[in-house]
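> predicted structure and sequence below. I'll ask about it afterward.
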Amino acid sequence: MIVAIDGPAGSGKGTITKIISQRMGLVNLDTGATYRCVALASIRKGLKIEEEQKIVDLIDELDISFEHENGEIKVFLNGEDVSKQIRSTEVNSIVSQISSIIPVRLKMVELQRRLADGKDVIMEGRDICTYVFPNADVKIYLDANEKERAQRRYKENQEKGIDCTYEEVLDNIRKRDENDKNKEIGALKVADGATIIDSTDMTIQEVADEIEKIIKMVK
Ligand code: DC
């Protein structure tokens, strides 16, 4: 069983995926976190975004894995829990560009398919319905307007103690949207057969209930 959810930054994919995975016993695979790990590792190595080949080579040294603990997903990079570090402003500012490097995408997609192999999963990202699993059992495109998405991300960052202003978050979301929608491979778009849900004026529970209903129809 593969449930695939795509959508822009701040559309609620992460929160919804977590809720549905707990309610329905599906393994939660956060594909954005895999790109975030590559971005974090590149920053730590002092690599510049232009040094594409070095970034691609660096991936072979990375062991990325997920652990589920009390409903929380922890992201591990070479054995270190980097769940918080991968959400930093520095990572946010380069991750979309990192994810535009084609050989990086090819390697990450391979990893994402491997992580899902033989499991009942719910996966969220940008290209899950269009590219990673075009034959997913359920395909959802989750959206919300840009100001609402920035507001959600800003609040989330504050709760996590990540230092930033609302304007910075909005600016970052705009830049990422632009970049994510114009990628050569795996661009963010609505897949054939996907159900579009606009969460701007919906509560998290309402979105989760709607998606649960859709999953139950195919189960
Ligand atoms: O969902 P997120 O904000 O954690 O994603 C981080 C970045 O990774 C985002 O700018 C787009 C990219 N990404 C991608 O290109 N493909 C995916 N399947 C998931 C994320």
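Sure, I can see it.

> please identify the residues of this protein in proximity to the ligand?
With C-beta under 6 Å from any ligand atom as the criterion, the chain comes near the ligand at residues 9, 31-32, 35-36, 95-96, 99, 125-128, 176, 180, 186. Every C-beta, even on glycine, is put in place using the N, C-alpha and C of the backbone.

> can you map out the strands along this structure?
In chain order, the chain shows strands spanning 2-6, 27-30, 64-69, 72-77, 80-81, 121-125, 138-143, 195-198, with DSSP state E as the criterion.

> of all those strands, which lies closest to residue 150?
strand 138-143 (13.9 Å; C-beta to C-beta).

> now that closest one: how far from the chain's centre is it?
Using C-alpha atoms, centre = their mean, to the nearest Å, the distance from the centre of strand 138-143 to the centre of the chain it belongs to is 13 Å.

> gap between the nearest residue to residue 47 once chain neighbours are set aside and residue 46?
Spatially, and ignoring its direct neighbours in sequence, residue 47 is nearest to residue 54 (5.3 Å; C-beta to C-beta, 6 or more residues apart in numbering). Computed as C-beta to C-beta, to the nearest Å, the residue 54 to residue 46 distance reads 10 Å.

> just the closest of the residues of the chain next to the ligand to residue 198, please.
Nearest member of the residues of the chain next to the ligand to residue 198, counting by C-beta to C-beta, is residue 9, at 15.4 Å.

> I'd guessed that closest one sits against residue 153; true?
Yes: using C-beta atoms under 8 Å, residue 9 makes contact with residue 153 at a distance of 6.7 Å.

> now the common contact residues for those two.
residue 173 (C-beta atoms under 8 Å, 6 or more residues apart in numbering).
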